[in-house]
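Peer 1: need coordinates for the below:
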Amino acid sequence: MTVSKVLRDAPDISVATKARVRALAQQMGYVPDSLAQGLRTRTTKLFGLVVSAMTDPIFARVVMAIEERAHELGYEVILGHTLNLPEREDAAIRRLISRRIDGLFISPVYRLGPEAPVYQELQRCGIPTIILGHSAPFCSQFVNVQTDDLQAGYSAAQHLLELGHKRIAFFAGPQVSPWAQERLDGFRRALREANIELDDKLVFNAGSTIEEGEKAALQMLNEGTDATAVQAVNDLVAIGAANIFLNQGIKIPGELSVVGFGNVLISEYFRVPLTTIRQPKFRLGVAAMNSMLKLMHGERPESRRLSAEIVIRASTAAPSTARRVNKNPVEKTETKTL
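Peer 2: As a prediction, this is how the structure comes out:
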């Protein structure tokens, strides 16, 4: 009984006794059976964490914040990847439910439909769940933490407008993603307040990857727009686009300014250090964990919306009177491997 209490860190055992028992357990190589402990306590000391992919640089800091706090509390984190595929998300969530996790963090695979059966199953299970990102109809029943993308998109556009740009192209993200829509809405709001009418010909579908940014840049050059600046939905799109512009001999920011979003590590060390929005990645993870602990204690926390700020670097400047407009079709050139 004394050994059991020591291994559970019971308060009614003296410090000296705990030290002797733990030293002996270490000498014997004894490791407590967490599954057996879970059967007794009806907890598993496990958190589930489902994201699109850890190769997405936005998630690295979010996951670090969650894992650090989980470690302090004696929890392990089980990671699942969706690759932005609904069927993989379904499988990952159901697998974690079967592991009897104590709480779940999910960056959802966004979809247009108002319902998703796996989220209804999750609600019926009663597992405390935090949405990492914007809420949507299919997951609106859960608490979420998110960046204020509307205000951040507005701030990025306002920066370009204050420099004197009036013809600003926007490289938009996935249409089903609320965060991408909010960044576009913030851009539109800034133009509206500056009494500049949005030209739909300056809005390009660009997805969320470097490769998609490259394609959007090629489309923009082939269409011969008179844009003096580009605001991208994220840093990867901005970097892909900027690679194309630079390889076509377009000077950044001398002939074209570029703004990203996210402040991923590579943005600071890109060929032209990128002006971007510093997304509060670590703070998002901390906020998610704080909300999770409240849920686990029977409280219902408010959803959190964290502010972001612009980081001005070398990729933006006032528009140049010597700007060169390329109206001839171009081919994709060899880009530097990142």
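Peer 1: does the residue positioned nearest the centre of the chain lie in a helix or a strand, and which?
Peer 2: Per C-alpha atoms, centre = their mean, the C-alpha nearest to the average position across the chain is that of Ile58, at 4.3 Å. Using DSSP states H and E, Ile58 falls within helix 57-72.
Peer 1: C-terminal to that helix, what's the next element?
Peer 2: The first helix or strand that comes after helix 57-72 along the chain, using DSSP H and E, is strand 76-81.
Peer 1: so the very next helix or strand once past that following strand versus strand 76-81, what angle?
Peer 2: Using DSSP H and E, the helix or strand that follows strand 76-81 in sequence is helix 86-98. Angle between the axes of helix 86-98 and strand 76-81 is 160 degrees (criterion: axes from the mean of the first three to the mean of the last three C-alpha atoms, to 10 degrees).
Peer 1: which residues are in contact with the next helix or strand after helix 86-98?
Peer 2: Sequence-wise, the next helix or strand downstream of helix 86-98 (DSSP H and E) is strand 103-106. By C-beta atoms under 8 Å, 6 or more residues apart in numbering, the surrounding residues in contact with strand 103-106 are 47-50, 66, 89, 93, 96, 122, 127-132, 139, 288, 292, 295-296. The way it works is simple: take the backbone N, C-alpha and C, and place the C-beta from them, glycine included.
Peer 1: need the buried ones from these selected in ChimeraX.
Peer 2: Buried subset of those, written as a ChimeraX selection, criterion 16 or more other C-beta atoms under 10 Å:
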select :47,48,49,50,66,89,93,96,122,127,128,129,130,131,132,139,288,292,295
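Peer 1: which of the contacts of strand 103-106 fall within helices?
Peer 2: Taking DSSP state H, the ones among these that sit in helices are Ile66, Glu89, Ile93, Leu96, Leu122, Ala288, Met292, Leu295, Met296.
Peer 1: hang on, the second one packs against Thr82?
Peer 2: Looking back up the chat, that one is Glu89. Yes: in this structure, Glu89 is within contact of Thr82 by C-beta atoms under 8 Å, at 4.2 Å.
Peer 1: before we move on, back to that, out of the ones in helices among the contacts of strand 103-106, who's nearest Ser208?
Peer 2: Nearest to Ser208, judged by C-beta to C-beta, of those is Glu89 at 16.6 Å.
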